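Student: Generate coordinates for the sequence data below:
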Amino acid sequence: MAETGVDLGPTCPSCQEPWLRPTNLPGRYRCVNCMHRFEIRSDCPDCGMHSTIARMSDTAILTCNSCGASMLREI
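Tutor: Just a heads-up that it's a prediction; the model follows:
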């Protein structure tokens, strides 16, 4: 059977499954697979590059524009 290429959403940094969902708080996410909570940061934890984020956006960019690392921090 051929894969349909369905996008299930962003990948969880903790369990690597595509079940990361936004919560009712802006900039906060929860994985419905492992139940870990994350918040999006304006500074990259890997390279320190600062970027502007749109916390209310449904299409939030969760990776650093400079190095490609995740901008999510577990809370």
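Student: hey, let's count contacts and neighbours off CA atoms from now on
Tutor: Noted.
Student: shouldn't G27 be in contact with R37?
Tutor: No: using Cα atoms under 8 Å, G27 is not in contact with R37, being 10.9 Å away.
Student: For the most centrally placed residue in the chain, give its distance to T4.
Tutor: Nearest to the mean C-alpha position of the chain, by Cα atoms, centre = their mean, lies L62 at 4.4 Å. From L62 over to T4 the distance is 24 Å, taken as Cα to Cα, to the nearest Å.
Student: State the number of residues packed around S51.
Tutor: 14 (other Cα atoms under 10 Å).
Student: ok, now which ones touch the residue nearest to the centre of the chain?
Tutor: Shown in contact with L62 (Cα atoms under 8 Å, 6 or more residues apart in numbering): I40, S70, M71, L72.
Student: Let's have these in CSV, adding pLDDT and secondary structure.
Tutor: Output for these, formatted as CSV (pLDDT from 0 to 100; DSSP: H, G, I helix; E, B strand; the rest coil):
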residue, pLDDT, secondary structure
I40, 89, strand
S70, 88, strand
M71, 88, coil
L72, 90, strand
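Student: Quick one: those as CSV, columns for distance to C31 and neighbour count too.
Tutor: Output for those, formatted as CSV (distance: Cα to Cα, whole Å; neighbours: other Cα atoms under 10 Å):
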residue, distance to C31, neighbour count
I40, 13, 22
S70, 15, 18
M71, 15, 22
L72, 12, 23
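Student: how about these, which pair is most distant?
Tutor: I40 and S70 (8.8 Å; Cα to Cα).
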